[in-house]
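*Asks:* here's a sequence, model it:
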Amino acid sequence: MWRLKQLEYTFRLTAMQRYEDFEQVTRKALDYALAAVGHDLSEDQRRGLLALYDHLEQFSDVREGLARLSSAGYTLAVLSNGTPRMLHAVVESARLNPWLQTLISVDEVGVYKPSPRVYEHAAERLGRPVSSIRLISSNPFDVVGAEAAGMQAAWLDRSAGVFDTLGPRPTLSVTTLTELAHRL
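*Replies:* Numbers count the residues shown, from 1 in each chain. Model (predicted):
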């Protein structure tokens, strides 16, 4: 419920042409989820849960996949709804710095994915045409949004889930980053 409300809030804020940073949205979504299930937490417990976003669990293929992609000459960047502080914290915590050249936050444009402005901004930051960039995401809404903005995309289908019916399944679909490195 927390994650669904978090995404819903980002979509609603974008539709209303308002912006609150992702840390605030995440906090409000947690408050909603707790209220919806009739549960309350102390402020310390809330801070503890929110702090987990700085130390997200890493899938076992991430380090090897990023290393392979980097060795193949790909420029690797993060494009996230997270705040710059959140991005730096999670990349540092996961020790992914060696492979990532750029961290791009939606804070820089004040609108959330899947707004085309986010993907266009990423292309500007990377100094490349939007059509020359490939977004890799496990979120179908992100894949659909990137492709709608003219970006290439690949779906990282980690859960053998159903792809979003708002757009076609991308031609490149993988289950791990190592598979992605092999297929590219």
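
*Asks:* residues contacting Ser131?
*Replies:* Residues in contact with Ser131 (CB atoms under 8 Å, 6 or more residues apart in numbering) are Gly150, Met151, Gln152. C-betas here are computed from N, CA, C, even on glycine.

*Asks:* what's the helix or strand of the chain with the lowest mean pLDDT in contact with?
*Replies:* In the chain, no helix or strand scores lower on mean pLDDT, DSSP states H and E than helix 43-51, which sits at a mean of 93. The contact list for helix 43-51, computed with CB under 8 Å, 6+ apart, reads Glu23, Thr26, Arg27, Leu30, Leu41.

*Asks:* could you give the number of residues near the residue nearest to Ser137 when sequence neighbours are not counted?
*Replies:* Counting by CB to CB, 6 or more residues apart in numbering, Val143 is the residue found nearest to Ser137 once chain neighbours are left out, at 5.3 Å. Residues near Val143, counting by other CB atoms under 10 Å, number 28.

*Asks:* identify the bridge partners of the residue nearest in space to the middle of the chain.
*Replies:* With distances taken as CA atoms, centre = their mean, Ser80 lies nearest the centre of the chain, 4.2 Å away. Residues in a beta bridge with Ser80, per DSSP bridges, are Ser105.

*Asks:* surely the residue nearest to Ser137 and Ala149 touch.
*Replies:* No: with contact defined as CB atoms under 8 Å, Val143 does not count as touching Ala149 (11.0 Å).

*Asks:* how about Leu41, secondary structure?
*Replies:* Of the three states, Leu41 takes coil under DSSP: H, G, I helix; E, B strand; the rest coil.

*Asks:* next helix or strand past the least confident helix or strand of the chain?
*Replies:* helix 62-71 (DSSP states H and E).

*Asks:* Asp164 versus the residue lying farthest from the centre of the chain, what's the distance?
*Replies:* Distance to the chain centre peaks in the chain at Gly38, reaching 29.3 Å (criterion: CA atoms, centre = their mean). In this view, Gly38 and Asp164 are 31 Å apart by CB to CB, to the nearest Å.

*Asks:* what's the answer for Thr175, then?
*Replies:* On the measure of CB to CB, Thr175 and Asp164 end up 17 Å apart.

*Asks:* check Val144 too.
*Replies:* From Val144 to Asp164 the distance is 5 Å (CB to CB).

*Asks:* looking at those two, which one has more neighbours?
*Replies:* Neighbours were counted for Val144 and for Asp164 using other CB under 10 Å; Val144 has more, 22 against 16.

*Asks:* the more buried one against Leu166, yeah?
*Replies:* Yes: counting by CB under 8 Å, Leu166 is a contact partner of Val144 at 5.4 Å.
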